[in-house]
Structures are given as structure tokens and as C-alpha cells.
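Novice: Got a sequence here, can you build the structure:
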Amino acid sequence: MTIKAQIGNAELLKLNKTAFFCSRQIPASTVLKCYDWAIAQREVGTCVISGFHSTIEKDVLHYLLKGKQPIIVVLARGLKQEIEPVFKKPIDEGRLLIVAPFGADIKRVTSKTAQIRNMMMVELANEITVGYASKDGQLEKLLSNSKKAIQYIVQQ
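Specialist: Just a heads-up that it's a prediction; the model follows:
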């Protein structure tokens, strides 16, 4: 899968990367465990790659941005004309890379573009961490084909 657009430090792609996935529907008992995982990754400096699209993924990004470790954001659309303000400082510090498998003509996230984004994340990552995967959901189907090491924060 090809990166069609990027902004930030492309050298981050050479690092060992842990993909973080979490279904949109997540049991309340799992939420704090995902936050604890994010804080632990921040403290050890793990390069985390994610779409940071679901609510929990956005929360994980919030915790990661407070650290100094590298982060790769994979979009399920093309890059916007302007970078979100929260990303400016980490990009300037060289610890953030935003990539997209789509050109600027793809402006909206759909289930198809999210699926392509998730496949790119699996391809780019060295290992995968799952906050929660809904039974028989798209995420579970995607990961069932992966040969990479998968760690579940909460065993399903």
C-alpha cells in the first residue's frame, strides 16, 4: 500500500512501530486500561501508529501528545489544507508524522476508506495492540488475517 500524502518526520517510518486499534463500541471496564496502556507507551517512548479515529483512539492520542515519543497518524482521507493546531508543535519537534493512502480529493471518511487506512496501519506496524475488538466486527476480521504479533489490552 502506498502513502500518497504525508507531513512531518518521514524518518519515523524506520522505527519499530506499534499499531493501536480500538472498536468504536467499547465496554466501560476497558476504557481506563486503554488510558493506562497509552501512558505506559508514552513513558517508554514507543512509536505508536494509529488512525486515532474512534473516541478511545482520540483519547489515547491525547495522552501520547503529552509525551516526547514518536507518533504516526494514518488518515482515512486525504490531508487537509491546514494542519490541526494540536499537531503543529509535535511536527515542529520532529516526533509526529501524518500519512494518508489517499490524495487531497478524498475529503470524507467512509467505511471503505477506514478499511484501507487500517490495512495500511497493519502493513506499516511491527506489532499490534488492540484496546477492544467488537465480536465479528470489521477490526476482528482485519486482524484475523494478520501474521503480526497482536496484544489485546483486555482478552476478548
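
Novice: Quick check, pLDDT for residue 115.
Specialist: Looking at residue 115, its pLDDT reads 94.

Novice: residues in contact with it?
Specialist: Shown in contact with residue 115 (C-beta atoms under 8 Å, 6 or more residues apart in numbering): 138, 142. Using the backbone N, CA and C atoms, a C-beta is placed for each residue, glycine as well.

Novice: again with residue 133
Specialist: 21-23, 139-140, 143, 152, 156.

Novice: just residue 110 next, same as before
Specialist: residue 76.

Novice: The residue nearest to residue 34 when sequence neighbours are not counted: how many residues sit nearby?
Specialist: Nearest non-adjacent residue to residue 34, counting by C-beta to C-beta, 6 or more residues apart in numbering: residue 131, 4.1 Å away. Number of residues near residue 131 (other C-beta atoms under 10 Å) recorded here: 26.

Novice: before we move on, back to that, by neighbour count, which of the contacts of residue 133 wins?
Specialist: In those, the most neighbours by other C-beta under 10 Å go to residue 22, 29 neighbours.

Novice: surely that residue meets residue 130?
Specialist: Yes: here residue 22 reaches residue 130: they are 6.9 Å apart, a contact under C-beta atoms under 8 Å.

Novice: Mind listing what's buried along stretch 137-146?
Specialist: 139, 142-143 (16 or more other C-beta atoms under 10 Å).

Novice: Using PDB, write down the CA coordinates of that stretch.
Specialist: Output of stretch 137-146 as PDB, limited to C-alpha atoms (Å, rounded to 0.1, in the frame of the first residue of the first chain):
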ATOM      1  CA  GLY A 137     -16.700  -6.600  13.600                       C
ATOM      2  CA  GLN A 138     -14.500  -5.200  10.800                       C
ATOM      3  CA  LEU A 139     -11.500  -4.900  13.100                       C
ATOM      4  CA  GLU A 140     -11.700  -8.600  14.200                       C
ATOM      5  CA  LYS A 141     -11.900  -9.600  10.500                       C
ATOM      6  CA  LEU A 142      -8.900  -7.500   9.500                       C
ATOM      7  CA  LEU A 143      -6.800  -8.800  12.300                       C
ATOM      8  CA  SER A 144      -7.700 -12.400  11.700                       C
ATOM      9  CA  ASN A 145      -5.600 -12.300   8.500                       C
ATOM     10  CA  SER A 146      -2.600 -10.600  10.100                       C
END
